[in-house]
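Student: Sequence unavailable; structure follows:
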């Protein structure tokens, strides 16, 4: 996913517009004050998703199961099930 870069001043001047871009368009914005000071603006839901993915992949056994599931899906080895019983 490409990261759009803006200066600190531009972010300060156009924060409402940049906030909406991040929230509504799922853009990732890099805000740099200078070459050594930079932050990333990221939608909170996407951040949570990334953290959850990192957590799941941090366990080697879990990571292997996930990779195996992705591989099975890519190879068409899937079956549909009724998940109604698992819903709250």
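Tutor: Received, thanks. Everything numeric in this text was worked out from a predicted model, so none of it was measured.

Student: Remind me which helix or strand residue 64 belongs to.
Tutor: helix 60-74 (DSSP states H and E).

Student: For that helix, buried residues please.
Tutor: For helix 60-74, the neighbour count (16 or more other C-beta atoms under 10 Å) marks no residue as buried. Using the backbone N, CA and C atoms, a C-beta is placed for each residue, glycine as well.

Student: Show me what the closest residue to residue 2 other than its chain neighbours is bridged to.
Tutor: Excluding its sequence neighbours, the residue lying closest to residue 2 (C-beta to C-beta, 6 or more residues apart in numbering) is residue 28, at 7.8 Å. Judged by DSSP bridges, the bridge partners of residue 28 are residue 3.

Student: Next one: residue 28 from residue 57, what distance?
Tutor: 20 Å (C-beta to C-beta, to the nearest Å).

Student: Repeat that for residue 35.
Tutor: Taking C-beta to C-beta, one finds residue 35 at 31 Å from residue 57.

Student: again with residue 74
Tutor: Separation of residue 74 from residue 57 (C-beta to C-beta): 18 Å.
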